[in-house]
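Any chance you can model this:
(one chain, ligands or ions: 2)
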Amino acid sequence: MTERQRPARMPADEVRIVFLGGLGEIGRNCAAIEHSGRILVLDCGVMFPDPEMPGVDLVLPDFSYLRENAERIDGVILTHGHEDHTGGLGFLLREADAPVFGSALTLALARSRVDDAGLSGRARLVTVTDGERRAIGAFDVEFIPVTHSVPHGFATAFHTPQGVILHSGDFKLDLTPVDDRRTDLARIGALADGEGIRLLLADSTNVEEPGHTRSERSVGETLRLIFAENPGRRIVVACFASHIHRIQQLADAAVRNGRKIALLGRSMLRNVGIARELGLLTIPEASIIDVEKIDDHAPGGVCVLSTGSQGEPMSALTLLAAGENRHFSIRDGDVVVLSSHAIPGNEWAVAKVMDGLARRGAKVVHSGVAHVHESGHAKQGELATLQAVARPQCFIPVHGEYRHLLRHAQLAIEMGVDEHQVLLCEDGDTVRLSDDGIDFDGEVPAGYCYVDGVVGDIGTGVLRDRRVLAEEGVVVVVLAVDSHSGDILTGPEIITRGWIYAPEAEELLEDARAAVVKAVGEAVGAGSFDADTLRRATRRALGRLVSDRTKRRPMIVPVVMEA
Ligand SMILES: [Zn+2]
Ligand SMILES: [Zn+2]
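Ligands and ions are numbered 1, 2, ... in the order given. Got it, this is the predicted structure:
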């Protein structure tokens, strides 16, 4: 591996962008924009762990670059309220005390991150509104409305010494959004016609999907149909708790059919509360009931809105599928709608939940059989439209796995961007925008930081150990030796977990003990009996025997005590 280059100091009129996450993976979106020696952070998200990361709760961007330059940070912008853009905020604010800018909803959704970090009193959260243009330290930033699967997201235009840099945020082009707040293509076009857009950074999540996303309203039509077709049955719908427009359409359908609405799951209760308070969600007070009161109503008179559409282990829907929810249970004839699409990596968990629900007698409706979900991310046609309207001089695809970024770069070139002005960047890359054009400009650390419990970054070593323990088990060998003669005083005692069923392996364990005794004897015979040497000899001998006899590679932990 080549040594990472540190970015050099730049002349005042150059602009630099540092990518800290979200390029080469879905999640933990984070970037920094810099000029005149100042830094503006754009999003600060988390990624959810994959099955290769046992015990990890969250994956964060590596904040070491921001930590080292904390005094140069003028602010943090949150484009929208999703966890993959806001979930790391509490961790970042511990490193850097900077004001945070976002829409009222985004900040309300992110607030729990600030509270978790114990910064409730100190954090400066600044609400910005649609179309607002404001100075943030050295930066001149404009907030442009976009539609997405959480309301009140922004694209951001940075008016810099090198021209306008437009960041799309997560967006789609919904011409009939539930709140009539469309992606402001007109403003983007005006920027393109005016000073021109020097650099575009755009969401690549759905670039492999041809055509256009359908309007969120089209999902509402399907949901209304499901309510109409199932009178007299209880209806349970699971969706993302931040998808306020989906929740609005569900609530409307329920109310129209004379059903009361019960909310299930902590984030559902919290987010519905936040959105109603901000006037972004309208549900008549009389239509909301406590989930514990659900059996006071006829099956056709209730609807449950639940979290857990991704099959998350302790979520409301997963507990329902396992018959372990405290408040109520699924029974024959219930209709359960998963108004969602499994995020890659969650398919197995979601399938298991759907199976559990079906086993309890529920009729399960999901996006594979009905149009009960639509993506919040622009597909090819919409991404091409953005290119056509923005007509950027330079382009960098963001938010996506490597193949998404690659495909998006090709799309930009097809749409007329000069191929020398398209950069394919990954996490850790730094680019410089100057009068000479755009180019790479060194790297910064951008590895995964694994969070488990309250401990930030448990490191790759711990993770590697956990994988070995999970897949192969552990063999511990304990012995005490005389520090003068090297004689074995006690042991070797062998303790195993997850390697072999011990009662049936007496002979194997006996051979293992013998191998250790022999290895220690040889080392002592060669004149070295310090604990380190004996530990190494023990591990080597035991490792070889275990591998030869069982074709497995458990973790081997030699414990050599000197007496
Ligand atoms: Zn999003
Ligand atoms: Zn996102």
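
so what's whatever residue of the stretch 251-400 of the chain ends up closest to ligand 1 closest to, chain neighbours aside?
In the stretch 251-400 of the chain, the residue that lies nearest ligand 1 is residue 376 (6.1 Å; CB to the ion). The C-beta positions use only the backbone N, C-alpha and C, and glycine is treated the same way. Of all residues not flanking residue 376 in the chain, residue 149 sits nearest, at 2.7 Å (CB to CB, 6 or more residues apart in numbering).

Let me know the pLDDT of the one you found.
On pLDDT, residue 149 comes in at 97.

i'd like the first residue to be 37 from this point on
Fine by me, first position is 37 from now on; the one you just mentioned is residue 185.

circling back: how about the secondary structure of the residue of the stretch 287-436 of the chain closest to ligand 1?
Under the three-state scheme (DSSP: H, G, I helix; E, B strand; the rest coil), residue 412 adopts coil.

Could you pick out the residues of the stretch 137-286 of the chain near ligand 2 for me?
With CB under 5 Å from the ion as the criterion, the stretch 137-286 of the chain meets ligand 2 at residues residue 206.

quick one, helices of the stretch 137-286 of the chain?
Taking DSSP state H, counting those that start in this stretch, the helices of the stretch 137-286 of the chain run over residues 140-152, 221-229, 252-265, 280-292.

which stretch of helix or strand covers whichever residue of the stretch 487-599 of the chain sits closest to ligand 1?
Among the residues of the stretch 487-599 of the chain, residue 487 lies closest to ligand 1, at 20.3 Å counting by CB to the ion. Residue 487 belongs to strand 485-487 when assigned by DSSP states H and E.

partners of that strand, with directions?
With DSSP bridges as the test, strand 485-487 is paired with strand 94-96 (antiparallel).

list the helices and strands the next helix or strand after the partner strand packs on?
Later in the chain than strand 94-96, the nearest helix or strand by DSSP H and E is helix 100-104. Applying 3 or more CB pairs under 8 Å, 6 or more residues apart in numbering; DSSP states H and E, one finds that helix 100-104 contacts strand 51-57, helix 125-131.

switch the cut-off to 7 Å
Counting contacts by 3 or more CB pairs under 7 Å, 6 or more residues apart in numbering; DSSP states H and E, helix 100-104 is packed against helix 125-131.

and for the longest strand seen in the chain, what are the contacting residues?
Once the chain is assigned using DSSP state E, the strand that runs over the most residues is strand 524-533. The set of residues external to strand 524-533 that reach it, using CB atoms under 7 Å, 6 or more residues apart in numbering, is 509-518, 538, 545, 548-549, 552-553, 556, 599.

What distance do you get for the residue with the largest distance to the centre of the chain to ligand 2?
Note on the chain: the largest C-alpha distance from the chain mean falls to residue 521, namely 56.6 Å (CA atoms, centre = their mean). Per CB to the ion, to the nearest Å, residue 521 is found 65 Å from ligand 2.

Next, the buried residues of stretch 312-326.
Using 16 or more other CB atoms under 10 Å as the test for burial, stretch 312-326 gives 316, 317, 319, 325.

Count the neighbours of the residue in the stretch 237-386 of the chain positioned nearest to ligand 2 for me.
Taking CB to the ion, ligand 2 has its nearest neighbour within the stretch 237-386 of the chain at residue 241, 6.9 Å off. Residues near residue 241, counting by other CB atoms under 10 Å, number 23.

Pretty sure it sits against residue 439.
No - with contact defined as CB atoms under 7 Å, residue 241 does not count as touching residue 439 (11.7 Å).

which one is residue 342 nearest to, not counting chain neighbours?
Counting by CB to CB, 6+ apart, residue 300 is the residue found nearest to residue 342 once chain neighbours are left out, at 4.1 Å.

and if you look at residue 228?
If the residues on either side of it in the chain are set aside, residue 228 comes closest to residue 427, at 4.9 Å by CB to CB, 6+ apart.

that older thread, what score does the residue of the stretch 237-386 of the chain closest to ligand 2 have for pLDDT?
According to the model, residue 241 scores 96 on pLDDT.

quick revisit: can you name the element that comes right after the strand holding residue 487?
Counting by DSSP H and E, what follows strand 485-487 is helix 495-508.

Is residue 70 inside a helix or a strand, and which specific one?
strand 66-71.

how big is the angle separating that strand from strand 51-57?
Taking axes from the mean of the first three to the mean of the last three CA atoms, to 10 degrees, one finds strand 66-71 and strand 51-57 inclined to each other by 170 degrees.

Mean confidence (pLDDT) on strand 66-71, please.
Strand 66-71 comes out with an average pLDDT of 97.

I'd like to know which elements the next helix or strand after it is packed against.
With elements assigned by DSSP H and E, the helix or strand that comes after strand 66-71 is strand 74-80. The elements that strand 74-80 packs onto, with contact taken as 3+ CB pairs under 7 Å, 6+ apart, are strand 66-71, strand 109-113.

now for the first one, which elements pack on it?
Strand 66-71 is packed against strand 51-57, strand 74-80, with contacts defined by 3+ CB pairs under 7 Å, 6+ apart.

Out of those, flag the one nearest ligand 2.
strand 74-80 (8.3 Å).

from the chain's centre, how far out does that closest one sit?
From the chain centre to the centre of strand 74-80 is a distance of 18 Å (CA atoms, centre = their mean, to the nearest Å).

Against residue 134, how distant is the residue farthest from the centre of the chain?
When distance is defined by CB to CB, to the nearest Å, residue 521 is 63 Å away from residue 134.

How about residue 246?
According to CB to CB, residue 246 and residue 134 sit 41 Å apart.

neighbour count winner among those two?
Per other CB under 10 Å, whichever of residue 246 and residue 134 has more neighbours is residue 134, with 23 against 9.

Could you double-check that that one sits in contact with residue 108?
No - the pair residue 134 / residue 108 is not scored as a contact, 9.8 Å apart, by CB under 7 Å.

For the chain, what lies in contact range of ligand 1?
Applying CB under 5 Å from the ion, one finds that the chain approaches ligand 1 through 118, 206.

How about the residues of the chain by ligand 2?
Contact residues, the chain versus ligand 2 (CB under 5 Å from the ion): 120, 206.

at 8 Å instead, please
58, 62-63, 65, 81, 116, 118, 120-121, 206, 239, 241, 413, 435 (CB under 8 Å from the ion).

quick one, phi psi at the residue nearest to residue 342?
Torsion angles at residue 300 (phi, psi; degrees, to the nearest 10) stand at phi -130, psi 130.

and it, what does it touch?
By CB under 7 Å, 6+ apart, the contact list for residue 300 reads 327, 340, 341, 342, 343, 352.

Restricted to strands, list those.
Per DSSP E, the subset of those in strands is 340, 341, 342.

In the stretch 37-186 of the chain, where is pLDDT below threshold?
By pLDDT under 70, the low-scoring segments of the stretch 37-186 of the chain are 37-48.

make it 50
Scanning the stretch 37-186 of the chain for pLDDT under 50 picks out 37-40, 42.

and the residue in it positioned nearest to ligand 2, what element?
Residue nearest to ligand 2 within the stretch 37-186 of the chain (CB to the ion): residue 120, separated by 4.4 Å. Under the criterion of DSSP H and E, residue 120 resides in helix 119-122.
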